[in-house]
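[1] Give me the fold of what follows.
(5 chains)
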Amino acid sequence: MILHAMKRIGIADTTFARVDMARSAISVIKKESSAEIIRYTVPGIKDLPVAAKKLLEEERCDIVMALGMPGGAEKDRMCAHEASTGLIAAQLSTNKHIIEVFVHEDEAPDESSLAHLARRRAEEHAINAVRLLYHPEILIRLAAHTNGQVNGHAFRRMRGLRWKRA
Amino acid sequence: MILHAMKRIGIADTTFARVDMARSAISVIKKESSAEIIRYTVPGIKDLPVAAKKLLEEERCDIVMALGMPGGAEKDRMCAHEASTGLIAAQLSTNKHIIEVFVHEDEAPDESSLAHLARRRAEEHAINAVRLLYHPEILIRLAAHTNGQVNGHAFRRMRGLRWKRA
Amino acid sequence: MILHAMKRIGIADTTFARVDMARSAISVIKKESSAEIIRYTVPGIKDLPVAAKKLLEEERCDIVMALGMPGGAEKDRMCAHEASTGLIAAQLSTNKHIIEVFVHEDEAPDESSLAHLARRRAEEHAINAVRLLYHPEILIRLAAHTNGQVNGHAFRRMRGLRWKRA
Amino acid sequence: MILHAMKRIGIADTTFARVDMARSAISVIKKESSAEIIRYTVPGIKDLPVAAKKLLEEERCDIVMALGMPGGAEKDRMCAHEASTGLIAAQLSTNKHIIEVFVHEDEAPDESSLAHLARRRAEEHAINAVRLLYHPEILIRLAAHTNGQVNGHAFRRMRGLRWKRA
Amino acid sequence: MILHAMKRIGIADTTFARVDMARSAISVIKKESSAEIIRYTVPGIKDLPVAAKKLLEEERCDIVMALGMPGGAEKDRMCAHEASTGLIAAQLSTNKHIIEVFVHEDEAPDESSLAHLARRRAEEHAINAVRLLYHPEILIRLAAHTNGQVNGHAFRRMRGLRWKRA
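    Here you go, the predicted model:
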């Protein structure tokens, strides 16, 4: 008998963010999956890359969501760029996904729209994280727009991820 | 008797793209080669680097095409830059090629020209992927513009790739 | 009987800075923790990444603060970007945090406000460093804005860091 | 009796380039050295980093020239930047030189001047590659402007490269 | 009896530079220390990162100075950025310092002021290199502005570098 270990999803977020995006993401993950969730909060977005890597390596998460709210100034855009570059490097060194969910403070006209946007984006990406982990074939179907195109194709598993043989 | 293993081409694409570029690429590869094709779809272009690396390392692909459609805004150009940097890093850590096929949404005036452009570029690069894998000497010939210049030169193999001794 | 090794906090700073930010940070750390403090001063901010990595690896620090004051010119912003990128790379290769505290010379209208700003930021981030090392659950609480939201949740330890199971 | 292995120079170029820079470089190398030359052509400049690394590692080249012609648009400059970053990373992971020879399409007013410029630059850098490989002391002499300054100094070898003890 | 190996300082410079900055740096190092000096000249600043890494790893230098004169155009600033990024990566992979000394051609109004500036900067950074290698405690004292502040503090050694216990 083989016991399938429960999957683990890491949530890395920041105290700098003005919206609790982690809460929205965690709520969706709990609804959509049975994954264990580990939350790790760091001060700012530049602290996210190593936080995400620690979740993947030391906490053995299967995937991580990295949530952040960079400010609207030029300097903040640079910070976000540096954090993104680090998040990609962390993925390449672990061969696991880190779903970046950054909401820039200048993306909405006021505080309340920004909060709404941040929560919605965190939720949408939480669904993406769950799909990557449990149902990757759905992502192929979405990319192909219609179910018809992928009908009749064989699926195969790779380390617990399913994807489609084209 | 030595059995040559069938070659494998990975296709990494995104649900964010508004055109099914993977379909165009796959169609050309099937026509031009006997390679096995593995498709892996991720949410956005920043997820492509690790997806491509997983295809190369965990699915043992010989080459990967990374297909994406970055948006037209400044922020999207930065995303594309980060993804490209990651794709190059993934190649350097595997010593295998990842053919990046990005079509920026502002490259065409309307949706239908954009779709046409995206499909054509995916097809052209699919041919490049096949050539890198099976016929690298053709690429040298193209760079040298005329067949005449390369006549009489000896070809040699390197790990299944042929290239020319100058 | 298990002896808990005393924790070590590294302080990497530069001679180029016009304010002794290290002094402010060290003063807070001494007040807030029993950590041993190792200071390493280098000429400029581009020397900080390897200095921080040496503190983590050769001096076995558990966390490092990297303090710097980039100038206000375009060229200086690029230096700060390069240093930041290196600091993130150093974290990824050690799986430890480096808290970057950069104060740009154009962030304040005059020398005295700049000095005040630099000292305050160094102090605030010193508190963040102490929290990351000793009380990570406080950071989650801050991200969730209210104590109420995290009540009743179990905490767990990871290599001496506590964080919350969501 | 020790047999000195013949040195190998790799030439990585692209089909995208509108001038056969490789031909110019190869012609100079053949005139100036007895090195074996391995040419590897890829589609575009972003494919050059891994091509150069494969030449260094899989084809055991001692040095590589990476030849490319980025377009004149902003997007092309970014491609060149990404390729350059990758070429430097490839050098750092192999401890060998890759001489980058990029000619931007906007560097000359017309097609024929551009072709002339591209050929001349490829030739000049071919001489640099030969010098790095066989006569590094000449480069020191050039940097010191006059022969007089380096007279009387002892040379020493490092892995087949000669350089000067200051 | 323990024999302390003589320390080695590497000087990486370029033929592209219009001033022999290496000469100025070497002259200061000889006056201020007994270190052995190894000079390695490469064509341009993008060749400096691997040159510096080779000096650290293959020539066992304890520290390296990387001297360069990027041009004044936008394209040259990008080259300098790429070289700087590579120099930081080389430091992180060796845990040793590389002191970057770049003088941009647009930093001075005429050739003679530029030469003066380049020589002075090379000399100042040569002193920094010597301090990092032999007297790191002086750098802490400089950062703390006054001798008074560091009085009474114990120094400690780390792999031949002294620094201060705060």
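
[2] How many residues are close by the closest residue to chain E within chain A?
    Residue nearest to chain E within chain A: A:Thr85 (10.7 Å; CB to the nearest CB). For the C-beta atoms, the positions are set from N, CA and C on the backbone; glycine is no exception. Using other CB atoms under 10 Å in any protein chain shown, A:Thr85 has 22 neighbouring residues.

[3] does it really touch C:Thr85, like I thought?
    Yes: with contacts counted by CB atoms under 8 Å, A:Thr85 reaches C:Thr85, the gap being 6.6 Å.

[4] residues contacting A:Leu92?
    B:Pro49, B:Val50, B:Lys53, B:Gly86, B:Ala89, B:Ala90, B:Ser93 (CB atoms under 8 Å, 6 or more residues apart in numbering or on different chains).

[5] per-residue confidence at the first one?
    I take that to be B:Pro49. pLDDT, B:Pro49: 98.

[6] hang on, the earlier thing: among the contacts of A:Leu92, the buried ones, what's the PyMOL command?
    To isolate the buried ones among those in PyMOL, judged by 16 or more other CB atoms under 10 Å in any protein chain shown, type:
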select buried, chain B and resi 49+50+53+86+89+90+93
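
[7] Check the contacts of A:Leu92 one by one and keep those near chain A.
    By CB under 8 Å from any CB of the partner chain, the members of those lying near chain A are B:Pro49, B:Val50, B:Lys53, B:Gly86, B:Ala89, B:Ala90, B:Ser93.

[8] Which of the three states applies to A:Val101?
    Per DSSP: H, G, I helix; E, B strand; the rest coil, the local secondary structure of A:Val101 is strand.

[9] For it, list each beta-bridge partner.
    For A:Val101, the beta-bridge partners under DSSP bridges are A:Leu67.

[10] and A:Ile38, that's in a strand?
    Yes: membership of A:Ile38 in a strand is supported by three-state DSSP.

[11] residues near it, how many?
    By the criterion of other CB under 10 Å, A:Ile38 has 23 neighbours.

[12] List the beta-bridge partners for it.
    Beta-bridge partners, per DSSP bridges, of A:Ile38: A:Gly10, C:Arg165.

[13] In this structure it contacts A:Arg8, no?
    Yes: assessed by CB under 8 Å, A:Ile38 is found in contact with A:Arg8 at 6.3 Å.

[14] Find residues that contact each of the two.
    Joint contacts of A:Ile38 and A:Arg8 (CB under 8 Å, 6+ apart) are A:Glu59, A:Cys61.

[15] Tell me where chain A has helices.
    Counting by DSSP state H, the segments of chain A that form helices are A:21-32, A:48-57, A:74-94, A:111-134, A:136-143.

[16] Look up the closest residue to A:Cys61, ignoring the ones flanking it.
    Closest residue to A:Cys61 apart from its sequence neighbours, by CB to CB, 6 or more residues apart in numbering or on different chains: A:Gly10 at 3.6 Å.

[17] again but with A:Leu142, I slipped
    B:Thr15 (4.3 Å).

[18] how much space between the one you found and B:Leu67?
    From B:Thr15 across to B:Leu67, the span is 12 Å (CB to CB, to the nearest Å).

[19] Show me which residues of chain A sit near chain C.
    Residues of chain A lying close to chain C by CB under 8 Å from any CB are A:11, A:13-15, A:17, A:20, A:22-23, A:26, A:36-43, A:46-47, A:49-51, A:53-54, A:57-59, A:75, A:78-79, A:82-83, A:85-86, A:89-90, A:93.

[20] change it to 7 Å
    Contact residues (CB under 7 Å from any CB of the partner chain) of chain A with chain C: A:11, A:13-15, A:17, A:20, A:22-23, A:26, A:37-43, A:46-47, A:49-50, A:53-54, A:57-59, A:78, A:82, A:85-86, A:89-90, A:93.

[21] Can you select the buried ones from those in ChimeraX?
    Listed next is the ChimeraX selection for buried residues among the residues of chain A next to chain C, using 16+ other CB under 10 Å:
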select /A:11,13,14,15,17,20,22,23,26,37,38,39,40,41,42,43,46,47,49,50,53,54,59,78,82,85,86,89,90,93
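
[22] Check the gap between A:Glu123 and chain B for me.
    13 Å (CB to the nearest CB, to the nearest Å).

[23] count of residues packed around that residue?
    19.

[24] Also A:Ala5?
    Residues near A:Ala5, counting by other CB under 10 Å: 10.

[25] From what I see, A:Phe16 and A:Lys46 are in contact.
    No: here A:Phe16 does not reach A:Lys46: they are 9.9 Å apart, not a contact under CB atoms under 7 Å.

[26] any idea how far chain C is from A:Met6?
    For A:Met6, the distance to chain C - CB to the nearest CB - is 13 Å.

[27] Identify the residue spatially nearest to that residue, adjacent ones excluded.
    A:Glu36 (5.4 Å).

[28] again, but for A:Ala22
    Counting by CB to CB, 6+ apart, the residue nearest A:Ala22 is A:Asp13, at 4.3 Å.

[29] Now do the contacts for the one you found.
    A:Met21, A:Ala22, A:Thr41, A:Leu67, C:Ala143 (CB atoms under 7 Å, 6 or more residues apart in numbering or on different chains).

[30] Let me have the residues you listed in CSV, extended by pLDDT and distance to B:Val103.
    Converted to CSV, these look like this (pLDDT from 0 to 100; distance: CB to CB, whole Å):
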residue, pLDDT, distance to B:Val103
A:Met21, 97, 30
A:Ala22, 97, 34
A:Thr41, 97, 38
A:Leu67, 98, 29
C:Ala143, 93, 38
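
[31] now, which of those residues sits nearest chain D?
    Looking across the contacts of A:Asp13 and measuring by CB to the nearest CB, the closest to chain D is A:Leu67, at 27.1 Å.

[32] from what I can see the closest one touches A:Glu123, true?
    No: applying CB under 7 Å as the test, A:Leu67 and A:Glu123 come out as separate, 11.2 Å apart.

[33] Next up, the contacts around the closest residue to A:Val42 other than its chain neighbours.
    Of all residues not flanking A:Val42 in the chain, A:Ala51 sits nearest, at 4.8 Å (CB to CB, 6+ apart). By CB under 7 Å, 6+ apart, the residues touching A:Ala51 are A:Ala12, A:Tyr40, A:Val42.

[34] was I right about the last one contacting A:Thr14?
    What that stands for is A:Val42. Yes: using CB under 7 Å, A:Val42 is in contact with A:Thr14, at 5.8 Å.

[35] where do the contact lists of these two overlap?
    Joint contacts of A:Val42 and A:Thr14 (CB under 7 Å, 6+ apart) are A:Leu48.

[36] In chain A, what residue lies closest to chain D?
    A:Thr85 (10.7 Å).

[37] ok, that residue touching B:Glu82?
    Yes: counting by CB under 7 Å, A:Thr85 does reach B:Glu82; the two are 5.6 Å apart.

[38] before we move on, back to that, return the most buried member of the helices of chain A.
    Mean neighbours per residue, mean count of other CB atoms under 10 Å in any protein chain shown, is largest over the helices of chain A for helix A:48-57, with a mean of 26.

[39] That helix to helix A:74-94, inter-axis angle?
    Calculated by axes from the mean of the first three to the mean of the last three CA atoms, to 10 degrees, helix A:48-57 forms an angle of 20 degrees with helix A:74-94.

[40] Tell me who's in contact with the residue nearest to A:Arg119 when sequence neighbours are not counted.
    Once flanking residues are discounted, A:Arg119 sits nearest to A:Ser24: 4.3 Å by CB to CB, 6+ apart. Counting by CB under 7 Å, 6+ apart, A:Ser24 touches A:Arg119, A:Ala122, A:Glu123.

[41] what pLDDT does A:Ser24 get?
    Each residue has a pLDDT score; the one for A:Ser24 is 97.

[42] before we move on, what about A:Arg165?
    On pLDDT, A:Arg165 comes in at 44.
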